[in-house]
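J.: mind folding the following:
(chains A, B, C and D)
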Protein chains: 2
Amino acid sequence: MSRKANTLSDDDAASALDSSLHNLVGYVLRRAQMKFFSNLAARLEAYDIRPAQFTALTIIEQSPGLMQAELARALAIEPPQAVLLVNKLEERGLAMRVRSNPDKRSYGLFLSKAGEQLLKQLKTVVQQSDLDSSSALSAEEREQLLALLGKLYRDE
Amino acid sequence: MSRKANTLSDDDAASALDSSLHNLVGYVLRRAQMKFFSNLAARLEAYDIRPAQFTALTIIEQSPGLMQAELARALAIEPPQAVLLVNKLEERGLAMRVRSNPDKRSYGLFLSKAGEQLLKQLKTVVQQSDLDSSSALSAEEREQLLALLGKLYRDE
DNA sequence: TATTGTTATACTCTATAACTATA
DNA sequence: TATAGTTATAGAGTATAACAATA
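T.: Numbering: from 1, shown residues only, chains lettered A, B, ... in the order given. Model prediction:
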């Protein structure tokens, strides 16, 4: 099979693949992602936490003091969404905006003690959900999958 | 590495992995899926077609005469969403509801000639988008990925 | 009584433009 | 003038309850 530039002639398109949705990476990605997402969302519901909020907590933990704009970029969301997200975390006492930078327009974001403690719990829940949703795979297959998916979206 | 039942002790959770998001299949799935989806949506915009509409057209082509309830199940959407989706396809003259079944509550769904022709075009666009978004993978890696993802969501 | 399709509604997520305060 | 954060708003997408027609 040639893959010079992964280009597709009109001829190929007509015949190629079995024209089934299951040969589109985008389609199977979406189906798989929906499964993971709904399982995770259901488990996090007990903590009144959305998947995106968990991700935000994790990023803040990894980069304490980061700005909202940086958080937005890391989450691949727009700044206005980041505002609402951080509002919720702050209301719940899980994270804080600290006006400490030389640039007085921006905040540094930090986890509160309560945020750190909750996050520790959530990590167990999230990892269990992840293993659960991928229980059809062996440990080696799971690693393979992580590696392949990583290639797909790294250095965009 | 043991994987008896893919279960996680509290001890594991604390130490395991580098606790990074990139070791969660759900997270990397979501990031990859977003990339595929936005690329696809952008390309289909020229045809005023959403990804879900393309999927619907493909399913109707593969199972002409199917009921809306069946389409909804195949798309993993709720019946009210299927109504709106089919309305749009019918308004645009791409598909038709035909009251032909013995059960007079339901319709059979069919592509129009125009729908078939547009779908043929769209398939080229969609496959090109899919190859494009997965250009970081070799052909063999792409096949591997399709197989692994298939395992994840088949027979739920 | 149950089911197909439908309407109405509401809630989340997302995207954009416009504003404020700092720079 | 440019940037960080914010507000307001509108558009998708999605979920649920309730209804009509048919079974």
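J.: let me see the ranges of the helices in chain A.
T.: A:10-15, A:25-45, A:51-62, A:68-75, A:79-91, A:113-133, A:139-153 (DSSP state H).
J.: between those helices, which one is closest to B:L24.
T.: Proximity of the helices of chain A to B:L24 was assessed by CB to CB; the nearest stretch is helix A:113-133, lying at 5.0 Å. Yep, even glycine has a C-beta here, placed from its N, CA and C like the rest.
J.: give me the buried stretch members for the closest one, please.
T.: A:115, A:118-119, A:122-131, A:133 (16 or more other CB atoms under 10 Å in any protein chain shown).
J.: cool, and stretch A:83-103?
T.: A:L85, A:V86, A:K88, A:L89, A:L94, A:A95, A:M96, A:R97.
J.: okay, those in JSON lines with distance to DNA strand D and pLDDT next?
T.: Shown next, in JSON lines, are the buried residues of stretch A:83-103 (distance: CB to the nearest atom of the strand, whole Å; pLDDT from 0 to 100):
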{"residue": "A:L85", "distance to DNA strand D": "9", "pLDDT": "98"}
{"residue": "A:V86", "distance to DNA strand D": "6", "pLDDT": "98"}
{"residue": "A:K88", "distance to DNA strand D": "12", "pLDDT": "97"}
{"residue": "A:L89", "distance to DNA strand D": "11", "pLDDT": "98"}
{"residue": "A:L94", "distance to DNA strand D": "15", "pLDDT": "98"}
{"residue": "A:A95", "distance to DNA strand D": "12", "pLDDT": "98"}
{"residue": "A:M96", "distance to DNA strand D": "11", "pLDDT": "97"}
{"residue": "A:R97", "distance to DNA strand D": "6", "pLDDT": "97"}
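J.: what would the residues you listed look like in a markdown table with distance to B:K35?
T.: What follows is the buried residues of stretch A:83-103, written out as a markdown table (distance: CB to CB, whole Å):
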| residue | distance to B:K35 |
| --- | --- |
| A:L85 | 21 |
| A:V86 | 25 |
| A:K88 | 26 |
| A:L89 | 26 |
| A:L94 | 29 |
| A:A95 | 28 |
| A:M96 | 32 |
| A:R97 | 30 |
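J.: for A:Q68, what are its contacts?
T.: Neighbouring residues of A:Q68 by CB atoms under 8 Å, 6 or more residues apart in numbering or on different chains: A:P79, A:A82, A:V83, A:V86, A:R97, A:S106, A:Y107, A:L109.
J.: so what's the fourth one closest to, chain neighbours aside?
T.: Distances taken as CB to CB, 6 or more residues apart in numbering or on different chains put A:Q68 closest to A:V86, at 6.2 Å, once the chain neighbours are dropped.
J.: and chain A, which residues reach DNA strand C?
T.: For chain A, the residues in contact with DNA strand C (CB under 7 Å from any atom of the strand) are A:R50, A:A52, A:I77, A:E78, A:P80, A:Q81, A:L84, A:P102, A:D103, A:K104, A:R105.
J.: hmm, 6 Å instead?
T.: Neighbours of DNA strand C within chain A, by CB under 6 Å from any atom of the strand: A:R50, A:A52, A:I77, A:E78, A:P80, A:Q81, A:D103, A:K104, A:R105.
J.: out of the residues you listed, which touch DNA strand D?
T.: With CB under 6 Å from any atom of the strand as the criterion, these include A:P80, A:R105 near DNA strand D.
J.: rewinding a little: pick out the most distant pair among the buried residues of stretch A:83-103.
T.: A:L85 and A:M96 (13.8 Å).
J.: residue closest to the middle of chain A?
T.: A:T55 (6.1 Å; CA atoms, centre = their mean).
J.: would you confirm that it contacts B:Y27?
T.: Yes - if you go by CB atoms under 8 Å, A:T55 and B:Y27 touch, sitting 7.0 Å apart.
J.: any residues in contact with both of these two?
T.: What both A:T55 and B:Y27 touch, as defined by CB under 8 Å, 6+ apart, is the set B:L21.
J.: and the residue nearest to the centre of chain A, what does it touch?
T.: Neighbouring residues of A:T55 by CB under 8 Å, 6+ apart: A:L75, B:L21, B:Y27.
J.: among these, name the buried ones.
T.: Buried among the contacts of A:T55 by 16+ other CB under 10 Å: B:L21, B:Y27.
J.: so what's the nearest residue to A:L149 once chain neighbours are set aside up against?
T.: Using CB to CB, 6+ apart and skipping residues adjacent in sequence, the residue nearest A:L149 is B:V28, 4.1 Å away. By CB under 8 Å, 6+ apart, the residues touching B:V28 are A:L146, A:L149, A:G150, A:L152, A:Y153, B:L21, B:H22.
J.: same list, those residues, but as TSV with pLDDT and distance to B:K35 please.
T.: Shown next, in TSV, are the contacts of B:V28 (pLDDT from 0 to 100; distance: CB to CB, whole Å):
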residue	pLDDT	distance to B:K35
A:L146	97	16
A:L149	97	10
A:G150	95	12
A:L152	93	7
A:Y153	83	5
B:L21	95	16
B:H22	94	15
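J.: fine by me, we can end here.
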